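**Q** can't give you the sequence, but here's the structure:
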C-alpha cells in the first residue's frame, strides 16, 4: 500500500511516502526547491519523494492531507492533488492527530499505552492535546484551544525581546540559559495553569490593540518595572527569556502528568530545554520526542494515519542522496577542481588532518536529514581542541548571536564519559550536562554553567559519521566534534551538491567534503 502524507502546507510544506506502513522517504519542499509559496502543493518534494521510493504517482492509493492546508477554499488544494494523483483517494487528517501519530511511531518501542502530548501555537485552532495510544489507535484525553496557548505566549515573548515570532523562538531558549528563575512566577500567572494543569491565559496582561512587541498590556510592563512600551535592556531581556522558559517547562510538565511512556510532538517540542526538563522530572520512565516535531512532521503522521499497518520510524535520513557521478558533474559545471579521495579511510584521515589544523569543515554525505537538525549528513564541523572554533563559527560563518552555542557530536560508546544525557540526544532533541572534569574542555559550547547541546551518534544511525568521530578520538584522545547545520543566512539545510557549493563559497568555511570529493579555498 502506497500512501503519500502532505503536511505543513501553510508554512513548512513536506511530503512523506509510506509503503505498507513504513516511511521510506520524506522531504520538505523548501529544501529541494529553495523556495515555497505557502498554501500550494509541494510539487518538487512530491516528485523527489516518489523517486526516492521508486513509486509512480499513478501507483499511490491514498493521499492524506494534514490540516490546515489552505488559506482559501479547501477544494482548490484537492483539485490540485487529484491532478497529481489521479487514482488516489483523499484522507483529511486533523493537525494534532497527525502530530500525535508521528510521535507514537517515533522510535522502535511499541506505542501501546503511551501518552502522547502535542503542543504548538495554534495548529488548526487546537493548540495542545494529550492522547493515549490504545488498541492501535489514538484516544483524546485532554485538549486546549487558541488563545489558551503556551506556544503563542512564547512567541509573544520572542517578539517582545526583539526577535521574530514563529521563527526565532529557539533564540529565546538559548538566551534563557544565562538567566535566573526570578520572573517565572509572572509568566506562570499569565499562563494560568496551576489550577487545572492546562493553560488559561490571563488576558489582562495582553492588549489586543497593540500590534508590536508581542502585544503586551500596561500591566505586563508594570510587572517588569518598565514604562509602557519600553524595550527591555540586555540584562532584563535575559531574565525575561529565563522566566518564560521556566514557566514553559513547568506548564508542559503539568500538562503531561506522569506515567511510564511519554511521547511529544508539535512545534513546542523543538524546545530542547523542555525535553530535558521532562527527562529529568522523574514523572516518566521514558520520554521520547518526534525529532521533526514541527508542521513538516505532520506529513509523517498523516501517512501513518492513512496506512493499514504502521512501523516505527528508525531514521531521519529520508532525503536525497547523490552518487559520485552526479557530484562530479556539478563540480565540473561550476569550473571547480576537486580532489578525489579514493577510499573511506582516505576521506576520514584527510578530514582529521584538516581538523588538526583548526580548519572548519563542511560535511555533505549520504541522504539529507528530514527536519531542521543536522545529524552528520549535512553538517559544519569543527574541533573542540580549537579554542576559537565556536567564535569563528558564529562570527564568520553562521553570523549569529554569541549566546547560540553549537552542538557536540560524540559516539554513543564514549558519550557517558563526557556527558550526562537522555535518550533524545540521539536526534539532537535534548540537551545534556557536561561532567565537571570536562567543563573546561567544552567551555566555549556550554550554555549557562554546565549545559551543552548534545548529539549522541549510534553506529547504525550514521556509520560514516560515527567512524569519523571514533577516528578523531583515536587520533586526539577526544572523540567529539562541534556540529552545526550546513546552511547560511536562514536558508534551509543544503540538499544538493550545487546548494553545498553555493553555501561553501559564500561563507568562511575552510574546506568541504562532498561525498568522496574535497574542495579547498
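**A** Thanks, I have the structure now. Here the structure is a predicted model, which means the values were calculated and not measured.
**Q** mind listing the helices for the stretch 1-150 of the chain?
**A** With DSSP state H, counting those that start in this stretch, the ranges of helices along the stretch 1-150 of the chain come out as 29-33, 43-53, 74-84, 95-104, 150-160.
**Q** low pLDDT regions in the chain?
**A** Along the chain, the parts satisfying pLDDT under 70 run over 70-75.
**Q** let's see 90
**A** 11, 34-40, 69-80, 107-109, 123-125, 387-402, 489-490 (pLDDT under 90).
**Q** how's it carved up into domains?
**A** For the chain, automatic domain parsing gives the domain ranges 2-97+297-305, 111-285, 324-520.
**Q** so which of these is nearest residue 103?
**A** domain 111-285 (3.8 Å; Cβ to Cβ). For glycine as for every other residue, the C-beta is placed from the backbone atoms N, C-alpha and C.
**Q** that closest one: how far from the chain's middle?
**A** 17 Å (Cα atoms, centre = their mean, to the nearest Å).
**Q** give me the longest helix you can find in this structure.
**A** helix 234-256 (DSSP state H).
**Q** check which residues of it are buried.
**A** 236-256 (16 or more other Cβ atoms under 10 Å).
**Q** okay, the helices of the stretch 1-150 of the chain in a markdown table with distance to residue 197 and mean neighbour count next?
**A** A markdown table is the format used below for the helices of the stretch 1-150 of the chain (distance: least, Cβ to Cβ, whole Å; neighbours: other Cβ atoms under 10 Å):
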| stretch | distance to residue 197 | mean neighbour count |
| --- | --- | --- |
| helix 29-33 | 36 | 24 |
| helix 43-53 | 38 | 20 |
| helix 74-84 | 34 | 14 |
| helix 95-104 | 18 | 30 |
| helix 150-160 | 12 | 24 |
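**Q** mind checking these for the one nearest to residue 514?
**A** Using Cβ to Cβ, those put helix 29-33 closest to residue 514, at 16.4 Å.
**Q** contacts for that closest one next, please.
**A** 12-15, 36, 42-45, 48, 319-320, 368, 492-493, 495 (Cβ atoms under 8 Å, 6 or more residues apart in numbering).
**Q** can you do 6 Å?
**A** Under the contact criterion Cβ atoms under 6 Å, 6 or more residues apart in numbering, helix 29-33 has outside partners 13, 36, 42, 44, 45, 48, 492, 493, 495.
**Q** so after the longest helix of the chain, what's the next helix or strand?
**A** Sequence-wise, the next helix or strand downstream of helix 234-256 (DSSP states H and E) is strand 259-265.
**Q** quick one, that following strand and helix 234-256 angle?
**A** Going by axes from the mean of the first three to the mean of the last three Cα atoms, to 10 degrees, strand 259-265 is angled at 130 degrees with respect to helix 234-256.
**Q** helix or strand next in line after strand 259-265, which one?
**A** helix 272-280.
**Q** show me what that next one packs onto, helices and strands only.
**A** Helices and strands touching helix 272-280, by 3 or more Cβ pairs under 6 Å, 6 or more residues apart in numbering; DSSP states H and E, are helix 234-256, strand 284-289.
**Q** mind doing that once more with 7 Å?
**A** helix 234-256, strand 284-289, strand 431-434 (3 or more Cβ pairs under 7 Å, 6 or more residues apart in numbering; DSSP states H and E).
**Q** nearest to residue 357, out of these?
**A** Short answer: strand 431-434, nearest of the helices and strands packed on helix 272-280 by Cβ to Cβ, at 25.6 Å.
**Q** partner strands of the closest one, parallel or antiparallel?
**A** Looking at strand 431-434 with DSSP bridges, its partner strands are strand 419-420 (antiparallel), strand 451-457 (antiparallel).
**Q** residues making contact with the shortest one?
**A** Contact partners of strand 419-420, identified using Cβ atoms under 7 Å, 6 or more residues apart in numbering, comprise 432, 433, 434, 435, 452, 454.
**Q** can you give the distance of it from its chain's centre?
**A** 21 Å.
**Q** swap in the longest one?
**A** Distance of strand 451-457 from the chain centroid (Cα atoms, centre = their mean) equals 14 Å.
**Q** angle of that strand against helix 272-280?
**A** Using the same axes, to 10 degrees: strand 451-457 against helix 272-280 is 80 degrees.
**Q** who's in contact with strand 451-457?
**A** Looking at strand 451-457 with Cβ under 7 Å, 6+ apart, the contacting residues turn out to be 177, 272, 375-376, 405-412, 415, 419, 421, 425-426, 428, 431-434, 442, 445-446, 465-466, 469, 483.
**Q** distance of residue 347 from residue 378?
**A** 16 Å (Cβ to Cβ, to the nearest Å).
**Q** if you count what's nearby, which of the two comes out ahead?
**A** It is residue 378, of residue 347 and residue 378, that has more neighbours when counted by other Cβ atoms under 10 Å, with 28 against 20.
**Q** beta partners of the more buried one?
**A** residue 364.
**Q** OK, contacts around it?
**A** So residue 378 contacts 364, 368, 369, 485, 486, 493, 494 (Cβ under 7 Å, 6+ apart).
**Q** one more pass at 10 Å, please.
**A** 31, 317, 319, 362-369, 485-487, 492-495, 499-500, 503 (Cβ atoms under 10 Å, 6 or more residues apart in numbering).
**Q** of all the strands paired with strand 431-434, which lies closest to residue 138?
**A** Going by Cβ to Cβ, the one of the strands paired with strand 431-434 nearest residue 138 is strand 451-457, 29.2 Å.
**Q** can you classify the spatially most central residue of the chain by secondary structure?
**A** By Cα atoms, centre = their mean, the chain has its centre lying nearest to residue 372, at 4.2 Å. Under DSSP: H, G, I helix; E, B strand; the rest coil, the three-state class of residue 372 is coil.
**Q** in this structure it contacts residue 270, no?
**A** Yes - contact criterion Cβ atoms under 10 Å: residue 372 and residue 270 qualify, at 7.6 Å.
**Q** which neighbours do the two have in common?
**A** With Cβ under 10 Å, 6+ apart, residue 372 and residue 270 have common neighbours 170, 291, 292, 293, 294.
**Q** which ones among the residues you listed map onto helices?
**A** Per DSSP H, the subset of these in helices is residue 170.
**Q** reformat the shared contacts of residue 372 and residue 270 as TSV; add neighbour count and distance to residue 61.
**A** As requested, the shared contacts of residue 372 and residue 270 are exported to TSV (neighbours: other Cβ atoms under 10 Å; distance: Cβ to Cβ, whole Å):
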residue	neighbour count	distance to residue 61
170	15	38
291	26	28
292	33	24
293	29	28
294	24	27
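**Q** just the shared contacts of residue 372 and residue 270 now: which is nearest residue 332?
**A** Closest to residue 332, out of all of the shared contacts of residue 372 and residue 270 and judged by Cβ to Cβ, is residue 292, at 34.2 Å.
**Q** from residue 357, how far off is that closest one?
**A** Distance from residue 292 to residue 357, by Cβ to Cβ: 35 Å.
**Q** same question for residue 323.
**A** 30 Å.
**Q** what of residue 82?
**A** From residue 82 to residue 357 the distance is 57 Å (Cβ to Cβ).
**Q** could you do residue 110 as well?
**A** Applying Cβ to Cβ to residue 110 and residue 357 gives a distance of 48 Å.
**Q** also residue 472?
**A** 14 Å.
**Q** neighbour-wise, which of these two wins?
**A** Using other Cβ under 10 Å as the criterion, residue 472 and residue 357 rank with residue 472 on top: 26 against 11.
**Q** contacts only, for the more buried one.
**A** Residue 472 makes contact with 348, 351-352, 355-356, 381, 383-385, 409-411, 478-481, according to Cβ under 10 Å, 6+ apart.
**Q** phi first, then psi, for it.
**A** With angles defined as degrees, to the nearest 10, residue 472 sits at phi -60, psi -40.
**Q** which neighbours do residue 472 and residue 357 share?
**A** Common neighbours of residue 472 and residue 357 (Cβ under 10 Å, 6+ apart) are residue 383.
**Q** many thanks, have a good one.
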